[in-house]
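>>> Just the structure for this:
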Amino acid sequence: MSDVRRLKTYRNIGIIAHIDAGKTTVSERILFYTGRSHKMGEVHDGTAVLDWMEQEQERGITITSAVTTCHWRDHEIHLIDTPGHVDFTIEVERSLRVLDGAVAVFCGVGGVEPQSETVWHQADRYHVPKIAFVNKMDRVGANFQRVIEQIEQKFRTVALPLQFPVGREADFRGVVDLVQMKQIVWRDETLGSEYEFVDIDPEILGEVTDARDRLVARVAEWDDQLMERYLQEEEISAADLIPLLRRLTLQLKIVPVLCGTALRNKGIQPLLDAVVHFLPSPLDVPPVEGMNPVTRQNEHRLSSDQDPLAALAFKIFMDQGRKLTYLRVYSGKLQVGMDVLNASKGSREKISRIFQMHANKRERIEKTGAGDIVAVMGLKSCSTGDSICDPARPILLEPIGTYEPVISIAVEAKTRGDQEKLLDSLAKLSEEDPTFKHQENPDTGQTIISGMGELHLEIVLSRLERDYHVGVNAGKPQVVYLETLAEESWAEGVFDREIAGVRHFAGVQVHLRPRERGAGNRVAVRVRDGSIPEMFYPALEEGIWDAVGSGPLLGYPLVDVDAVVFGGTFLEGVSSELAFRVATAMAFKNACEGGKPLLLEPYMSVEVLAPEEFLGEVIGDINARRGRVESITSRTAIQVVRAVVPLSRMFGYSTALRSATQGRATFTMHFSRYDEASGS
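So this is what the prediction gives:
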């Protein structure tokens, strides 16, 4: 088969939705009806093929995006089932970055839910054409028309229903295809595998005819010829509508909407037909663009085996200690034993194995080409977002955007044996997941792990124990406070003691003055009256640096202080370096107590993105956390609140924010500055 003919039959699609809209059930039915799996996997039984991790099966949610390949009507569909929980947003982000189209699943009862908005906007950012599938039409309260109105209103797009539901709620029997004007009936005894097109029930024919008329009228707005034929009341066939619907979908002007109930095995085959009819092949998307790292010129690669190799590593997975790198091949060929260049790292590597993935099952293949999504072994230095290319024609593709972690906890190994494995295991987990970070706090000695939410960190802790066999105790991280002075002060310290039969004596006078916040400490010796010989100056400085490490209030380090030694007392034959060092520390501490010491705490810059109706709740919560709102700006339908909040009050904020805003607000947080601690 020629390059172009092969690529025309490819569909790289993702299933995206809010948690519990039925994404994985839809994906499982797709695998069953395309013959990819011979048994229907069920999420509620923990038997879903694509939810293969233990944690996914136990919780009944998708945690990691699963890749598979299936065939429908002579087309090859590469499918990625993505998570719906906000904590795993990076999985959706990196999947959409390499996909050409998406199926957005909505609950017929819940409609457009909070995370649906997040994933939809992610798809828009990458200009990914979409089909909407309204699932759970058999549930009490399901309303097809209401969901369509919500899609139009919240996403400001044109949602075109291509189907009309037959029956409501428990009486949902099937759909009418408005494009072909035929009713589709599924046979329950064959688990929905067999279905037939029949004439439309007479009692709904009037409503269906009106719905078809509205569909044609709206489509005709984009095509003058069709509008002319519509106004002359000519017959408009499916062959007239399908190419135009495809063009408008690819241009992101419309979103075709279908409906069904995946759990009751109705509506999946027409959805697969819509994927083939309306979503893009690799040839329908613009050529991938990147920069040549040598010439610094922009270049592009056509979706063709004849162009030089260009691929993007969009996911890393550690499988029993071996690194599996998921690649989207945009152009060129990739085969086992081939030398490739990691343009992001500047390193050359060899492809040792290539796999076609089916969730966690692998099928070895010798070569692959443009348009494929595969996993490879051998890329040792590769990480998420790296560009893999032909060494002779290097290209650096746009990396995958990531998110900064917003919540942290402290972990410690249970045993000495676990301690040795802990850091290595954390490094492997953070290589898999760019939103997971770990570091050792130099002040407290704690290992701090950070992620996108409490569930995210819960899964990480579970994987440490199950996958890496590392026992850990988890707690809250300690907030590192600092101390400083509010006023300048003077003091003297005298050390006069006999040690091992030898007398040591020194007297030191110190002047302390507060500096600007963040200016750091400064130490100077300016003894102008010659009361202390120069040979003791280093001991004087060491005495101050010793004392700075522990403040007078709670023993936290002292910062932003100007310390000057300006005088003292020296006795020939009795004064020593030890005496001057200790006397300086004593003088420093005495001066601190007279300088009105203050406790400083870390403040974080917080940016909250929330729908307008929740603005009051967001601001009220920030005020309750001793935060200060600095600005509120509008970004289309979203309000952006920027505030400064003490870190000590930010623990548990992600959960509180979701509760207060029905999960529709998101936030980012980074260190701002140390400032005076208020309250307790």
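
>>> so where's the stretch 451-600 of the chain uncertain?
453, 476-478 (pLDDT under 70).

>>> Now do the strands in the stretch 1-150 of the chain.
Secondary structure of the stretch 1-150 of the chain by DSSP state E, counting those that start in this stretch: the strands cover 10-17, 66-72, 75-81, 101-107, 130-135.

>>> how about a markdown table for the ones you listed, with distance to T402, mean neighbour count and mean pLDDT added?
Every C-beta, even on glycine, is put in place using the N, C-alpha and C of the backbone. Converted to a markdown table, the strands of the stretch 1-150 of the chain look like this (distance: least, Cβ to Cβ, whole Å; neighbours: other Cβ atoms under 10 Å; pLDDT from 0 to 100):
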| stretch | distance to T402 | mean neighbour count | mean pLDDT |
| --- | --- | --- | --- |
| strand 10-17 | 18 | 26 | 88 |
| strand 66-72 | 20 | 20 | 85 |
| strand 75-81 | 18 | 23 | 87 |
| strand 101-107 | 20 | 26 | 92 |
| strand 130-135 | 23 | 28 | 94 |
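
>>> what's the pLDDT at the residue nearest to Q115 when sequence neighbours are not counted?
Spatial nearest neighbour of Q115, excluding adjacent residues (Cβ to Cβ, 6 or more residues apart in numbering): H18 at 4.0 Å. Listed pLDDT for H18 reads 79.

>>> What's the local residue count around E221?
Residues near E221, counting by other Cβ atoms under 10 Å, number 13.

>>> I figured it hits L231, correct?
No. If you go by Cβ atoms under 8 Å, E221 and L231 don't touch, sitting 11.9 Å apart.

>>> Keeping just the C-alphas, turn stretch 250-269 into PDB.
Extracted in PDB, the C-alpha atoms of stretch 250-269 (Å, rounded to 0.1, in the frame of the first residue of the first chain):
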ATOM      1  CA  LEU A 250     -11.600  19.600  10.700                       C
ATOM      2  CA  GLN A 251     -11.800  23.400  10.600                       C
ATOM      3  CA  LEU A 252     -13.000  23.400  14.200                       C
ATOM      4  CA  LYS A 253     -16.200  25.200  13.100                       C
ATOM      5  CA  ILE A 254     -18.600  22.500  14.300                       C
ATOM      6  CA  VAL A 255     -18.700  19.600  16.700                       C
ATOM      7  CA  PRO A 256     -20.900  16.600  15.500                       C
ATOM      8  CA  VAL A 257     -22.900  15.200  18.500                       C
ATOM      9  CA  LEU A 258     -24.000  11.600  18.800                       C
ATOM     10  CA  CYS A 259     -25.600   9.700  21.700                       C
ATOM     11  CA  GLY A 260     -26.100   6.300  23.200                       C
ATOM     12  CA  THR A 261     -25.500   4.200  26.300                       C
ATOM     13  CA  ALA A 262     -22.200   2.400  26.300                       C
ATOM     14  CA  LEU A 263     -23.000   0.200  29.300                       C
ATOM     15  CA  ARG A 264     -26.200  -1.000  27.500                       C
ATOM     16  CA  ASN A 265     -24.200  -1.600  24.300                       C
ATOM     17  CA  LYS A 266     -26.100   1.000  22.200                       C
ATOM     18  CA  GLY A 267     -24.500   3.800  20.000                       C
ATOM     19  CA  ILE A 268     -20.900   2.700  19.700                       C
ATOM     20  CA  GLN A 269     -20.800   1.500  16.000                       C
END
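
>>> For that stretch, the averaged confidence score.
Computed over stretch 250-269, the average pLDDT equals 92.

>>> So for it, what gets flagged as buried?
For stretch 250-269, a neighbour-count test (16 or more other Cβ atoms under 10 Å) marks 250, 254-269 as buried.

>>> Kindly give the local confidence score, pLDDT, for the closest residue to V140 other than its chain neighbours.
In space, V140 comes closest to E169 once its chain neighbours are excluded; the distance is 5.3 Å by Cβ to Cβ, 6+ apart. E169 is assigned 84 on the pLDDT scale.

>>> Tell me, how many residues neighbour V480?
Neighbours around V480, by other Cβ under 10 Å: 17.

>>> hmm, I was thinking of V147
Considering only other Cβ under 10 Å, V147 is surrounded by 25 other residues.

>>> Roughly how far does it sit from L464?
40 Å (Cβ to Cβ, to the nearest Å).

>>> and Q297, what are its phi and psi?
Dihedral pair for Q297: phi -100, psi 150, per degrees, to the nearest 10.

>>> got a list of what it touches?
Residues near Q297 by Cβ atoms under 8 Å, 6 or more residues apart in numbering: M291.

>>> ok so, going back, nearest to V470 among the strands of the stretch 1-150 of the chain would be which one?
strand 66-72 (25.0 Å; Cβ to Cβ).

>>> Would it be right to say that K315 lies in a strand?
Yes. When classified by DSSP: H, G, I helix; E, B strand; the rest coil, K315 is found to be part of a strand.

>>> SS state for P405?
Going by three-state DSSP: P405 is coil.

>>> What sits closest to it if chain neighbours are left out?
P405 sits nearest to S450 (Cβ to Cβ, 6+ apart), 3.6 Å away.

>>> Looking at this structure, which strand is longest?
Secondary structure assigned by DSSP state E gives strand 597-611 as the longest strand of the chain.

>>> Now do that strand: which elements does it pack against?
Judged by 3 or more Cβ pairs under 8 Å, 6 or more residues apart in numbering; DSSP states H and E, the packing partners of strand 597-611 are strand 482-485, helix 615-624, strand 638-646, strand 666-676.

>>> and with 6 Å instead?
strand 482-485, strand 638-646, strand 666-676 (3 or more Cβ pairs under 6 Å, 6 or more residues apart in numbering; DSSP states H and E).

>>> for those strands, which one ends up most surrounded?
For the helices and strands packed on strand 597-611, the largest average neighbour count (mean count of other Cβ atoms under 10 Å) is found in strand 482-485, namely a mean of 23.

>>> Adjacent strands (with direction) for the following helix or strand past that strand?
Later in the chain than strand 482-485, the nearest helix or strand by DSSP states H and E is strand 489-499. Using DSSP bridges, strand 489-499 pairs in its sheet with strand 502-514 (antiparallel).

>>> which residues touch the next helix or strand along the chain from the strand it pairs with?
Where DSSP H and E defines the elements, the next helix or strand beyond strand 502-514 is strand 522-525. With contacts defined as Cβ atoms under 6 Å, 6 or more residues apart in numbering, strand 522-525 is touched by 537, 540-541, 544, 562-565.

>>> related to what we said a few turns ago, save the strands of the stretch 1-150 of the chain as a markdown table, and put in distance to Y468 too.
Formatted as a markdown table, the strands of the stretch 1-150 of the chain follow (distance: least, Cβ to Cβ, whole Å):
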| stretch | distance to Y468 |
| --- | --- |
| strand 10-17 | 29 |
| strand 66-72 | 21 |
| strand 75-81 | 25 |
| strand 101-107 | 33 |
| strand 130-135 | 36 |
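
>>> is it true that F505 touches L571?
Yes. Between F505 and L571 there is a contact under Cβ atoms under 6 Å: 5.2 Å.

>>> Between those two, which is the more surrounded one?
Shown here are F505 and L571; by other Cβ under 10 Å, F505 has more neighbours (19 against 14).

>>> residues of the longest strand of the chain that come out buried?
Within strand 597-611, the residues that qualify as buried by neighbour count (16+ other Cβ under 10 Å) are 597-604, 606, 608-611.

>>> so what strands line up beside it?
The pairing partners recorded for strand 597-611 under DSSP bridges are strand 482-485 (antiparallel), strand 638-646 (antiparallel), strand 666-676 (antiparallel).

>>> Give me the distance from the first one to the chain's centre.
Between the mean C-alpha location of strand 482-485 and the chain-wide mean there is a distance of 37 Å, by Cα atoms, centre = their mean, to the nearest Å.

>>> Stretch 631-651 now?
19 Å.
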